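> How does the following fold in three dimensions:
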Amino acid sequence: MTPGLIISAPASGSGKTLVTLGLARAFTARGLAVQCFKSGPDYIDPAFHRAATGRASYNLDSWAMPWPMAQGLLRQADGAGLILAEGSMGLHDGVALAGAWGNGASADLAARTGWPVVLVIDSSGQAQTAGAVAQGLRAFRPDLRVAGVILNKIGSPRHERLARQGVEQAGLVCFGCLPRAATVTMPERHLGLVQAEEHPALEALMQAAATLVGAHLDLDAIAAAARPGPAPAPALRITPPGQRIALARDAAFSFVYPHLLSGWRAAGAEIVTFSPLADEPPPQADICWLPGGYPELHAEALAQADRFRAGLHAFAEQAPVHGECGGYMALGEGLIDQSGRRHRMAGLLGLVSSFERRRMHLGYRRAECLAPAPGLPARMAGHEFHYSGIVEQPDTPLARVTDAEGALVAETGSRRGRVSGTFFHMIAETA
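From the prediction side, this is the model:
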């Protein structure tokens, strides 16, 4: 079984992604096949992982995903020499009520797999206290194994000496220190990182991250700290929404979980892609699927995509169309951008969404369809993350939607004829 590590931290913004990408590319450059995973529902980081390793990265989610599905995804590490799983938020951060096999925290994945945790600690404004932070994270859940610490944003040799002293006093290994003056940064915008395919110098970023960690971290010690996890299980069958799936795929529509695509293909489905931004109509298929993304950044181009719009209307007369988040907004009547300007969308649903007054909608979701919906399971778990608001939603609600604590959510999705949409991204079918 492939040995693995979980790269985690006390909080978001500590440097997990930079360290994960740097280690992944550095080990890959050494000739080691690296398989990355992402703990939790983040759908942007896996594309960066793939750029670093050349292998598809997959989400492992303790709240939304049944353990047999996650265990089946461990088979993606076949042929790899090392697993690097990037955590989300802080090590122990999750929701209040447990889901499939945990509350969504990276600590759930560490406990279930036995992969040791490498803590990335932002040492800005502290020195020996970094050791106390690491010690507290380890003690908070004794069923975890903490392999060691990487100290980030170290400002001087004295700062490094004192911070290392704190880590050693806590009885932990320090794998190295990254300087505060490092110029390797991950560009961000309102939903987090800029998508990997949009990054203007993606390969240079990977090389710079690898150079940084190679110069300042003990790669041999980090690799030696990895431990095998559980035996992979047979892949859990994921029912595709159709035998032939027309999938929108471009800069406006790119957020789709890799495990769903691989699961659909493994079940025998054919996925054919098209680009609404290139004004392409959907190809002939059993269902058209518009994933999430950033339609608000391309609203004018989508408004002018007459061939795409006409093709989508013709498609919906014969077969189902479904949109998730950004795809859902694109299926509506209009999208109001941040400046208050309204743009025409496909008009297959009556939804009018707006970014003029942004408000974050974030969290896990459970949904039970109010009536059978073509291409969708009756019950599903997913995740919602967007800043758009609803101005109009005149169509029939699609589902009864609740959050992680069981409270009803107003964003029910909607349907009209063969067309449906949700603000959440489906992760797994549930019983």
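
> Report the beta-bridge partners for I83.
Note on I83: beta-bridge partners by DSSP bridges are G4, Q35.

> count of neighbours near it?
I83 has 24 neighbours, counted by other Cβ atoms under 10 Å. Using the backbone N, CA and C atoms, a C-beta is placed for each residue, glycine as well.

> just checking, it touches Q35?
Yes. Look at I83 against Q35 with Cβ atoms under 8 Å: they come within range, at 5.1 Å.

> Can you pull the residues that touch both of these two?
Residues within reach of I83 and of Q35 at once, by Cβ atoms under 8 Å, 6 or more residues apart in numbering, are 2, 77.

> from what I can see L144 touches V118, true?
No. Counting by Cβ under 8 Å, L144 does not reach V118; the two are 11.7 Å apart.

> Comparing these two, which residue is more hemmed in?
Set L144 next to V118 and count neighbours by other Cβ under 10 Å: V118 wins out with 27 against 23.

> Using the three-state scheme, assign the more buried one.
With DSSP: H, G, I helix; E, B strand; the rest coil as the basis, the three-state label of V118 is strand.

> and the residue of the chain most remote from its centre, what are its phi and psi?
For the chain, the largest distance from the centre (Cα atoms, centre = their mean) belongs to R158, which lies 37.5 Å off. Main-chain dihedrals, R158, degrees, to the nearest 10: phi -70, psi -40.

> need the helices for this protein, in chain order.
For the chain, the helices defined by DSSP state H occupy 16-29, 45-53, 67-73, 106-113, 129-140, 157-169, 202-216, 219-225, 258-266, 299-303, 306-316, 326-331.

> Next one: the residue farthest from the centre of the chain from Q338, what distance?
R158 sits 45 Å away from Q338 when distances are taken as Cβ to Cβ, to the nearest Å.

> which one of the helices of the chain has the most crowded surroundings?
Burial of the helices of the chain is given as mean neighbour count (mean count of other Cβ atoms under 10 Å); helix 326-331 ranks first at a mean of 30.

> for M329, what are its contacts?
Residues near M329 by Cβ under 8 Å, 6+ apart: 295-296, 323, 335, 345, 351, 353, 388, 421.

> rerun at 6 Å
By Cβ atoms under 6 Å, 6 or more residues apart in numbering, M329 lies in contact with 295, 335, 353.

> who wins for most neighbours among the residues you listed?
Highest neighbour count within the contacts of M329: P295, with 31 neighbours (other Cβ under 10 Å).

> Can you spell out the domain ranges of the protein, please?
Here the domain parsing of the chain from automatic domain parsing is 3-228, 244-429.

> Can I get those in CSV including distance to R237 and mean pLDDT?
Compiled in CSV, the domains of the chain are given as follows (distance: least, Cβ to Cβ, whole Å; pLDDT from 0 to 100):
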stretch, distance to R237, mean pLDDT
domain 3-228, 9, 94
domain 244-429, 6, 97
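
> Make TSV out of these and add distance to I238.
Listed next are the domains of the chain as TSV, based on distance: least, Cβ to Cβ, whole Å:
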stretch	distance to I238
domain 3-228	8
domain 244-429	3
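
> List the residues that contact the closest residue to P241 other than its chain neighbours.
Nearest residue to P241 in three dimensions, chain neighbours excluded: G375, at 3.4 Å (Cβ to Cβ, 6 or more residues apart in numbering). Shown in contact with G375 (Cβ under 6 Å, 6+ apart): 241-242, 287, 320, 322.

> ok, these vs H313, which is closest?
P320 (13.5 Å; Cβ to Cβ).

> residues contacting the closest one?
Under the criterion of Cβ under 6 Å, 6+ apart, the neighbours of P320 are 287, 374-375, 418.

> Stretch 159-179: how far from the chain's middle?
With Cα atoms, centre = their mean, to the nearest Å as the basis, the distance from the averaged C-alpha position of stretch 159-179 to the chain average is 31 Å.

> do stretch 93-103 as well
Stretch 93-103 sits 17 Å away from the centroid of its parent chain (Cα atoms, centre = their mean).

> Same question for stretch 108-122.
18 Å.

> For it, output the C-alpha coordinates as PDB.
The C-alpha atoms that make up stretch 108-122 are tabulated as PDB, following Å, rounded to 0.1, in the frame of the first residue of the first chain:
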ATOM      1  CA  ASP A 108     -11.200  12.600  10.200                       C
ATOM      2  CA  LEU A 109      -9.200  11.600   7.200                       C
ATOM      3  CA  ALA A 110      -6.000  11.400   9.300                       C
ATOM      4  CA  ALA A 111      -7.700   9.200  11.800                       C
ATOM      5  CA  ARG A 112      -9.400   6.900   9.300                       C
ATOM      6  CA  THR A 113      -6.400   6.400   7.000                       C
ATOM      7  CA  GLY A 114      -3.600   6.500   9.600                       C
ATOM      8  CA  TRP A 115      -1.600   8.900   7.400                       C
ATOM      9  CA  PRO A 116       0.600  11.100   9.600                       C
ATOM     10  CA  VAL A 117       0.000  14.800   9.700                       C
ATOM     11  CA  VAL A 118       2.600  17.400   8.700                       C
ATOM     12  CA  LEU A 119       1.600  20.700  10.200                       C
ATOM     13  CA  VAL A 120       2.300  23.900   8.400                       C
ATOM     14  CA  ILE A 121       2.400  26.700  10.900                       C
ATOM     15  CA  ASP A 122       2.400  30.400  10.000                       C
END
